[in-house]
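>>> build me a model:
(2 chains)
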Amino acid sequence: MHTSLLLLAALAAIAPLLGMAYLAGRTKASRVAASGAKMHSRPQQYGWFALMGVALPGFGVAIAGGFASLLGWFDTPWPILLVACLLVGVGGLMTAVSLIRPELRARNFLEATVRRILLAASLVSIITTIAIVLSLAFEAMRFFNMVGFWGFITGTQWSPDQAFLEGAGRASEDASFAFGSVPLFAGTFMVTIIAIGVALPVGLFAAIYMSEYASLRVRGLAKPMLEVLAGIPTVVYGFFAAITFNPFIVDAAAWVGIEASYENMLGPGIVMGVMIVPFISSLSDDVLSSIPNSLREGAYALGTTRSECIKQILLPAAMPGVISATLLGISRALGETMIVVMAAGLLPNLTANPLETMTAVTVHIVSNLTGDQEFDSALTLSAFGLGLVLFVITLVLNIVSTIMVRRFKQAYD
Amino acid sequence: MKLKGTVNDPRMQRRYRAEKRFRLYAMSAVLLALAFLIVFFADIISQGYSAFYRTEVQATINYNDRVEMGDYRAAVSDEIRTVVSRGMLRNLPREVRDNPDLKGTSETSWMPVKGEIDQYRKGHVDSLDEELLASVQRLDEAGRLGFAPNWAFFTNGDSKLPELAGIGAAVVGSVYLLGITLIVAFPIGVMTAIYLEEFASDNWLTQTIEVNINNLAAVPSIIFGLLGLAVFINFFGVPRSSALAGGLTIGLMTLPIIIISTRAALRAVPDPVRMGAFAMGCTRWQVVRDHVLPVSLPGILTGTIIGLAQAMGETAPLILVGLIAYIQAPPTDITSAATVLPAQVFTWAGMPQTAFAEKASAGIIVLLTVLLSMNAAAVFMRRRLERRW
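Got it, this is the predicted structure:
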């Protein structure tokens, strides 16, 4: 039986029941009202009350049953579960309708229930964060138990070949492997530095042009153009970097007389920089545009040129915003995956030359999780160790950036 | 006499030059971005447009006994057999068995040629096996080779033979994925935004949720992939490579985007609307349902479309939950193995044959067309439907 059909069938069974409950509740309330009693709430609200009477216990049973079979307490076949839901729902309907009398505060009940449902929905985002932290921490713990935390953080040798064979069930006697993540992070930092080196000047100057120099018409053209840049999926940037840009860099380097690898970090770095440009430019543009004109006029009155005004008045005022945009850009570059997966190499290489083959953290997260490895192997779990460190770094950057914005927010007026 | 501070003052002229230089830097930044965009689109289109047509050969197919027995090679002449795509011939025995009337007849039709011949005729590769080249030239002179629109690219699934590979299965997978993403992210996202904007009082829980959502929006997408792998696949037992696993993962990723844009839309509704409704005796939920939501709906939908466009281009987390499987047929269910358009592009980009690079570029053209139209639709909706107060 197809899962989607099954869900549709369940929905088809429950929907009429819900409709029936609403109608039954409303009808009864109207009848009571017609008999001269003064009702606390409107008839529709009694209808909704009856509907809740079906939905809450019904979905409660469904979720409880689902969880129970998931955790393996007992396995309920789905027809039984569905019938149980419907029975509980019918029970709920009867109870709810029989509860309807003039003094029942259906409106208050409805209001409180809606509030609780909305609160429950907003807890999903918290649960997501907790799930991220727990799943990363839990798997990473298992990994650190195998290889040791300090060796992972400070080791300069990443050669998990033996772990790979072990994971494939072909462990040899002298099983020696090293999980030193420094070469991987070196590549990630290299690509990030190049990307920010491209994105910060271009993004900032583009923002300055759009908010200070451009006419409304030019601005109306340039802004959507930069937004197009932001809407291009990363896999497309990766394709461009791998197929067009890296070969171009190799040719260019050969023309100058330098040898470059086809898996160099310069290409992905520059392409990633272009990807981050709209990010920095739009945030900086917002900050620059929010600076009141009185500052500019004051500067002009003192005889500054536009650029002097920008450099000495506007940029210092916008600095917190620009820095926070840059931090967010760095955090994006660190976590960016597709560009480096497609254009950078797999070979860990601790070098300062961006034209050599290098690899990045995210490349290894992807490659370690796409093979036919046992999930318990050190190689697979190493992806979670790398992911945890990446998550912590980006989290710190995001928090610092948020604090920057809050602390140094200029209040004009 | 030169006066200080006038246009003729050399120091003033230096300052004016500095001004011009600065302006030039600023303008060149925008031009640089524009130049990249032009080079980028020109590059992708020039590499990919040729995948929308293909070389076909006029072949006479004999549905004889040997074909029915499974020897599909007997269906065409030797010369045709060397150039025509193997994948097309392989289907012939089944066709005969399914349709016995065909037996003993022969039919002349245009069939796709092998990928390398196609690439050669499009000028993407310079060399071709000599024997093959001779056949191709002979057929070409006889007018039996020609270009035709490659509709199969839109309907076929992935294939090991580049001439038969298409984005059909991936597109269906993407639709499934977006559907699940929408079901997961839209209600929860809108409800969260309503709670935070309209219901919640400013206490520690609300602040925690707010900080948390902003952080979630900035978590790298690959971390969501790890989450999906550890939680949905390993803990909840959702089948790997399924649209369900991918949709749940991407749904959680899209959630903050929808929450943030919905909050902005709700905040844009001026307070007098709420106060008027409250004054008429509405409860808070009635105010939201009947007054705030209807007027903010265009804004909410705009944000949702932008969120979905982002979800559609996402690849990294989907690779981790296995949506890069080799998929020939479109998924029939949310739990069956599927792939999505960007993942298909990624798979093809990693193939050694030039024909697949062409396919990947064409896939990108389709993907970008869809994404840009989604974004354009969002902008259009915002302009046309959004109410100004």
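
>>> any idea how the chain splits into domains?
Here I'm looking at chain A. Domain ranges of chain A: A:3-104, A:178-407, per automatic domain parsing.

>>> wrong one, chain B
Split by automatic domain parsing, chain B gives B:50-150, B:168-385.

>>> compare those domains and report which one is nearest to residue A:100.
Evaluated over the domains of chain B, closeness to residue A:100 peaks at domain B:168-385, with 18.4 Å, by CB to CB. Yep, even glycine has a C-beta here, placed from its N, CA and C like the rest.

>>> can you get me the start-to-end distance on that closest one?
One end of domain B:168-385 to the other measures 34 Å (CA to CA, to the nearest Å).

>>> show me how far that domain is from its chain's centre.
Relative to the chain's own centre, domain B:168-385 is displaced by 14 Å; criterion: CA atoms, centre = their mean, to the nearest Å.

>>> for chain A, what's its nearest residue on the stretch 251-389 of chain B.
Nearest residue of the stretch 251-389 of chain B to chain A (CB to the nearest CB) works out as residue B:313 at 2.8 Å.

>>> how many residues are close by that residue?
The number of residues packed near residue B:313 is 24, by other CB atoms under 10 Å in any protein chain shown.

>>> is the helix or strand where residue A:120 lies in proximity to chain B?
In the assignment (DSSP states H and E), residue A:120 maps to helix A:106-147. Yes: residues of helix A:106-147 contacting chain B under CB under 8 Å from any CB of the partner chain: A:107, A:110-111, A:114-115, A:117-119, A:121-126, A:128-129, A:131-132, A:135-136, A:138-139.

>>> C-terminal to that helix, what's the next element?
Downstream of helix A:106-147 (by DSSP H and E), the next one is helix A:149-154.

>>> now do that next one: distance to the chain's middle.
With CA atoms, centre = their mean, you get 27 Å for helix A:149-154.

>>> that older thread, tell me what the helix holding residue A:120 is packed against?
Using 3 or more CB pairs under 8 Å, 6 or more residues apart in numbering or on different chains; DSSP states H and E as the contact criterion, the elements in contact with helix A:106-147 are helix A:43-70, helix A:378-407, helix B:168-194, helix B:204-218, helix B:221-227, helix B:243-267, helix B:284-287.

>>> what average pLDDT does the longest one get?
Confidence for helix A:378-407, expressed as mean pLDDT, is 89.

>>> and what of the last one?
For helix B:284-287, the mean per-residue pLDDT is 93.

>>> which residue is the nearest non-sequential neighbour of residue B:161?
residue B:87 (4.7 Å; CB to CB, 6 or more residues apart in numbering or on different chains).

>>> what is the burial count for that neighbour?
18.

>>> roughly how far is the helix or strand hosting it from the heart of the chain?
Per DSSP H and E, residue B:87 falls inside helix B:86-90. In this view, helix B:86-90 has its centroid 29 Å away from the chain centroid, taken as CA atoms, centre = their mean.

>>> what's the answer for stretch B:12-19, then?
For stretch B:12-19, the distance to the chain centre is 49 Å (CA atoms, centre = their mean).

>>> output the lowest mean pLDDT helix or strand found in the chain.
No chain specified, so I'll use chain A. helix A:161-167 (a mean of 59; mean pLDDT, DSSP states H and E).

>>> that answer is for a different chain, and I need it for chain B
helix B:65-69 (a mean of 78).

>>> and for that one, what's in contact with it?
B:74, B:75, B:92, B:93, B:96, B:97, B:103 (CB atoms under 8 Å, 6 or more residues apart in numbering or on different chains).

>>> nearest to chain A, of those?
The closest of the contacts of helix B:65-69 to chain A turns out to be residue B:97 (CB to the nearest CB; 28.2 Å).

>>> for burial, what's the neighbour tally of the residue in chain B positioned nearest to chain A?
Nearest residue of chain B to chain A (CB to the nearest CB) works out as residue B:220 at 2.2 Å. By other CB under 10 Å, the residues close to residue B:220 number 25.

>>> contacts only, for the residue nearest to it when sequence neighbours are not counted.
Sequence neighbours aside, residue A:335 is the residue nearest to residue B:220 in space, at 2.2 Å (criterion: CB to CB, 6+ apart). By CB under 8 Å, 6+ apart, the contact set of residue A:335 is A:362, A:390, A:394, B:219, B:220, B:221, B:222, B:223.

>>> so which of the residues you listed would you say is closest to residue B:49?
residue B:221 (29.7 Å).

>>> the domains of chain A: which one's closest to residue B:377?
Closest to residue B:377 of the domains of chain A is domain A:178-407 (CB to CB; 12.4 Å).

>>> what about residue A:95, neighbour count?
13.

>>> what pLDDT does it get?
Note on residue A:95: pLDDT of 88.

>>> please apply the same query to the one 4 residues further on.
Per-residue confidence (pLDDT) for residue A:99: 86.

>>> how much space separates it from residue A:107?
Residue A:99 sits 14 Å away from residue A:107, going by CB to CB, to the nearest Å.

>>> pick out whichever of the two has more residues nearby.
Using other CB under 10 Å as the criterion, residue A:99 and residue A:107 rank with residue A:107 on top: 20 against 16.

>>> what ranges do the strands span in the chain?
All of this is about chain A. A:158-159, A:178-179 (DSSP state E).

>>> nope, chain B
Under DSSP E, chain B gives strands at B:53-62, B:106-112, B:145-149.

>>> residue numbers of the stretch 1-150 of chain A in contact with chain B?
A:2-5, A:70, A:107, A:110-111, A:114-115, A:117-119, A:121-126, A:128-129, A:131-132, A:135-136, A:138-139.

>>> buried ones in the lengthiest helix in chain B?
If you go by DSSP state H, chain B has its longest helix at helix B:10-48. Across helix B:10-48, burial judged by 16 or more other CB atoms under 10 Å in any protein chain shown covers B:12, B:15, B:19, B:22-23, B:25-27, B:29-30, B:32-34, B:36-37, B:40, B:43-44, B:47-48.

>>> mind telling me which residue of the stretch 101-250 of chain A is nearest chain B?
Per CB to the nearest CB, residue A:233 is where the stretch 101-250 of chain A lies closest to chain B, at 2.8 Å.

>>> what's near enough to touch residue A:272?
Counted by CB under 8 Å, 6+ apart, residue A:272 has contacts A:191, A:194, A:195, A:198, A:199, A:237, A:241, A:333, A:336, A:339, A:340.

>>> does the residue nearest to residue B:161 touch residue B:162 like I think?
No: applying CB atoms under 8 Å as the test, residue B:87 and residue B:162 come out as separate, 10.1 Å apart.
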